[in-house]
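In: kindly return the folded structure for what I paste below:
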Amino acid sequence: MDSSFDDVWAECEDLFGQARQTLATLKEPQPAHVIQASVNALFRATHTLKGMAGMLGFPVFSKAAHRMEDIFDLMRKGRLRSTDSLVETLGAGIEALESGLAGLKRGRPEPDDYLEGVRRELGELEALARPADGAEQDLSAMLDLPEEARKALSDYERGRVTRALLDGIPVHGLAICLDFATFDERLRAFTDGLGRQAELISTLPWEVPEGREGLAFLLVVAGAALEVDSLAPVPGEVLAVRMLADPGRIPGSLRAEVQAEAAPAPPPEPPPAPPPSEPVPAPSSQESEVLRLPAQRVEALEARLMDVAQLRDAASGMLRQGDARTGEAPLAVLGQMEEGLLDVQKALLQMRMVKVETLFARVEPMVKSLSRELGKPVKLALQGGDLEIERGILGRLVEPFLHLVRNALDHGLESPEARKSLGKGETGSLRISASQRGRSIRFDIRDDGRGFDLAKIEARGRAMGLLKPGVPTTPERLHRLTLEPGFSTMERASQVSGRGVGMDIVREAVEALGGELMLSSEWKRGSLVRLAIPLSRAVVGCLRVRSGRQTFGIPLSHVLRVHMGHESLRGGSHVKILGQDLPFESLQVCLGQEDPPEGHRAYVLLSQPSTVAGASLEIALGVDEILGRGEILLRSLPELAQVQGVMGGSLQEDGILWVLDPEAMLGLAMDSLMRRVAHA
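Out: Numbers count the residues shown, from 1 in each chain. Model prediction:
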């Protein structure tokens, strides 16, 4: 595929993400104007997708997107009402288009019809929305406006006025006059504010009052009432607020006639979910990553870079005139430069990040569809969607992750009858969480299903020659066995989760990201699949400390307090902190060095919350000096993958600052203390 279209592919993927999120809002009860805004957004998204497909040279895709656009157009004109079944049908259509786009990106030929799975349902919706005689009622003549203003309304705007009045919603007009210098900013503030209160139908040019300068507009709004004060208008901006059309003045006979013609029949039942598409293979390392950035972010970054450049020039001039100045001024300027550069690094990093909730947005509709298809009711719980991960990593993680979720529903959760016989509730539980642990983001997929049948796994492993006869095994070894190529205890492949793709492919995809896949379960009680994916870079708040001749950073997320005293403490002793007697260990010993004979006067209190409510692991870690705190750009270095206790490094003026992994350090400290007890 021509790389010059990479940004177009990225734009299409973003549009699908927006469409999924917007469809989700239609599933919840919303005010009429919010629903209308969502439908308008979906209409624009499918319209743009149609154009993008034409640009890429895919006419069948463009035709399918155009059909979805027509359905959303019927909704925004009020000829189709948003219902759960309608949203399900539209969601299936969007999912079919998105799956088709993934196939096109992999070089597959276009199918005859992307929407074949929902073709019948879409046709019924179009037929139900079409008036019998093709005529449409227009109530925009009721607007108390000059004829020229009414003629300026588009067909869509007249349709929205009609729909609002038939729904019993009055139409108001807000006349405003804005200064030339700020009219665009102020007009945006008014339209955004009104859009949060009601449906903004049109913005019309208006006559500027005599003796005033500026630009005047009439904002036509459908809503019960307008709260103008909440828009924080500047004195003199608001000219008038009045009702343009009262739905109570529509004759009863006309209302009944129009509603009988316009009301659509209930939409059809949602179609059966199409079988999931094949997993998308992880992109190769040669694929370029496309980043689409808002113009405001780029402009802010450029401005910050200019500030840093000016500081750099100032520092250079000061250093050239060093004889005439003290050393404090250049150091202060260099400190400002360092702060500015960190801001730039953070901004650049933020441009690469995306929230985990974008992954969860793919999970929720898939679980709902599979639950219906498999006849297994399931309660889904998602946690940690606000965490951020690099866009490139998340893109390569999507298909392995979705495969694991499909496995949980297909192989993990039992049928309602089987669950009932085991004394469980008929509804299964699936909990998916994301959390940051050290230099990794950890994903947990938990279900309360049947778990792994370790006896069956062991028998299959011995039959395949993967386990030596007579050699005992452990649960950990048996769980890992399911990740071996070709291993399966299923007598036939499932069309939901397997489809010829085994867990070994998932493991390879995760390990290609430098991550780790871990499995555990309890028979007939449930299972846990855990993915740990390392972050290649992040901005981390750290406490800088010196131990021996080396400077380290300790993430502030695990630092409870610091202390600098007069009494030296040796590793293996105890220290009283806020009435608690806590173990004390030297950082140097934790890192495999000799215990300093002079001991330590400074320590850092590290804490790791426990899985037990109210419990935590706390240890005082002895250091030689506490240097202060600050934010650093952390990089995960491949050569540190096997170094215990170190999660990454950051390039500093005096060399590399090694950043410690707090959880690993707590474990190393406990091991060291246990060895001291054993040798005592």
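In: how about the strands in the stretch 301-450 of the chain?
Out: Using DSSP state E, counting those that start in this stretch, the strands assigned to the stretch 301-450 of the chain run over residues 353-355, 378-383, 388-390, 428-437, 440-447.
In: again with the stretch 51-200 of the chain
Out: Here the stretch 51-200 of the chain has its strands, by DSSP E, counting those that start in this stretch, at 171-178, 199-206.
In: just checking, what packs against the last one?
Out: In other words, strand 199-206. helix 32-56, helix 155-166, strand 171-178, helix 183-197, strand 215-222 (3 or more CB pairs under 8 Å, 6 or more residues apart in numbering; DSSP states H and E). Just so you know, the C-beta spots here come from the backbone N, C-alpha and C atoms, and that holds for glycine as well.
In: which one of those lies closest to Arg460?
Out: Closest approach to Arg460 among the helices and strands packed on strand 199-206 (CB to CB): helix 32-56, 45.7 Å.
In: so where's the stretch 301-450 of the chain uncertain?
Out: 301-303, 305-306, 309-331, 334-335, 338, 341-342, 345-346, 348-352, 438-439 (pLDDT under 70).
In: can you show me the helices along it?
Out: 328-352, 357-374, 391-407, 416-421 (DSSP state H, counting those that start in this stretch).
In: deepest of those helices, which one?
Out: helix 391-407 (a mean of 21; mean count of other CB atoms under 10 Å).
In: please save the CA atoms from it in PDB.
Out: C-alpha atoms of helix 391-407 as PDB (Å, rounded to 0.1, in the frame of the first residue of the first chain):
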ATOM      1  CA  ARG A 391      -0.500   4.400  20.300                       C
ATOM      2  CA  GLY A 392       1.800   2.100  18.500                       C
ATOM      3  CA  ILE A 393       1.900  -0.400  21.300                       C
ATOM      4  CA  LEU A 394      -1.800  -0.400  21.700                       C
ATOM      5  CA  GLY A 395      -2.400  -0.900  18.000                       C
ATOM      6  CA  ARG A 396      -0.300  -4.100  18.100                       C
ATOM      7  CA  LEU A 397      -2.000  -5.300  21.300                       C
ATOM      8  CA  VAL A 398      -5.600  -5.000  20.100                       C
ATOM      9  CA  GLU A 399      -6.000  -8.400  18.400                       C
ATOM     10  CA  PRO A 400      -4.100 -10.500  20.900                       C
ATOM     11  CA  PHE A 401      -6.200  -8.900  23.600                       C
ATOM     12  CA  LEU A 402      -9.500  -9.400  21.900                       C
ATOM     13  CA  HIS A 403      -8.500 -13.000  21.300                       C
ATOM     14  CA  LEU A 404      -8.100 -13.500  25.000                       C
ATOM     15  CA  VAL A 405     -11.400 -11.900  25.800                       C
ATOM     16  CA  ARG A 406     -13.100 -14.200  23.200                       C
ATOM     17  CA  ASN A 407     -11.400 -17.200  24.900                       C
END
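In: run the chain-centre distance for that helix.
Out: 13 Å (CA atoms, centre = their mean, to the nearest Å).
In: cool, and stretch 182-190?
Out: Its chain's C-alpha centre lies 31 Å from the corresponding centre of stretch 182-190 when counted by CA atoms, centre = their mean.
In: and stretch 146-158, by the same measure?
Out: Computed by CA atoms, centre = their mean, the chain-centroid distance of stretch 146-158 equals 41 Å.
In: same check on stretch 658-665?
Out: Distance of stretch 658-665 from the chain centroid (CA atoms, centre = their mean) equals 27 Å.
In: do stretch 14-22 as well
Out: 11 Å.
In: mind listing what's buried in it?
Out: Of all the residues in stretch 14-22, those buried under the rule 16 or more other CB atoms under 10 Å are Leu15, Phe16, Gly17, Ala19, Arg20, Thr22.
In: thinking again about what came up before, pick the most buried one from the strands of the stretch 301-450 of the chain.
Out: strand 440-447 (a mean of 22).
In: between the strands of the stretch 301-450 of the chain, which gets nearest to Leu666?
Out: Using CB to CB, these put strand 428-437 closest to Leu666, at 12.0 Å.
In: now that closest one - C-alpha only, PDB.
Out: Taking Å, rounded to 0.1, in the frame of the first residue of the first chain, the C-alpha atoms of strand 428-437 are listed here in PDB:
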ATOM      1  CA  GLY A 428     -21.100 -15.000  34.300                       C
ATOM      2  CA  SER A 429     -18.600 -12.300  35.400                       C
ATOM      3  CA  LEU A 430     -15.800 -10.900  33.300                       C
ATOM      4  CA  ARG A 431     -13.600  -8.300  34.800                       C
ATOM      5  CA  ILE A 432     -10.900  -6.500  32.800                       C
ATOM      6  CA  SER A 433      -8.500  -4.000  34.500                       C
ATOM      7  CA  ALA A 434      -5.500  -2.000  33.500                       C
ATOM      8  CA  SER A 435      -2.900  -0.700  36.000                       C
ATOM      9  CA  GLN A 436       0.600   0.700  35.900                       C
ATOM     10  CA  ARG A 437       3.100  -1.400  37.800                       C
END
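In: partner strands of that strand, with direction?
Out: Neighbouring strands of strand 428-437 in its sheet, by DSSP bridges, are strand 378-383 (parallel), strand 440-447 (antiparallel).
In: which stretches of the stretch 151-300 of the chain have low pLDDT?
Out: For the stretch 151-300 of the chain, the stretches with pLDDT under 70 are 251-299.
In: how many residues are close by the nearest residue to Val60 once chain neighbours are set aside?
Out: Nearest residue to Val60, sequence neighbours excluded (CB to CB, 6 or more residues apart in numbering): Glu110, at 4.4 Å. Other residues lying near Glu110 total 17 when counted by other CB atoms under 10 Å.
In: for Gly526, same thing?
Out: Other residues within reach of Gly526, judged by other CB under 10 Å, total 22.
In: swap in Asp184?
Out: 11.
In: same question for His574.
Out: 12.
In: that one contacts Pro583, doesn't it?
Out: Yes - judged on CB atoms under 8 Å, His574 makes contact with Pro583 at a distance of 6.0 Å.
In: returning to what we had before: ok, which of the helices of the stretch 301-450 of the chain comes nearest Gln644?
Out: Gln644 lies closest, by CB to CB, to one member of the helices of the stretch 301-450 of the chain: helix 391-407, at 23.7 Å.
In: could you pull up the contacting residues of Met503?
Out: Listed by CB atoms under 8 Å, 6 or more residues apart in numbering, the contact partners of Met503 are Asn407, Thr482, Leu483, Phe487.
In: and of those, the nearest to Ser521?
Out: Closest to Ser521 out of these is Thr482 (10.1 Å), distances taken as CB to CB.
In: how much space separates the residue nearest to the closest one when sequence neighbours are not counted from Phe452?
Out: Nearest residue to Thr482, sequence neighbours excluded (CB to CB, 6+ apart): Met503, at 5.5 Å. According to CB to CB, to the nearest Å, Met503 stands 11 Å off from Phe452.
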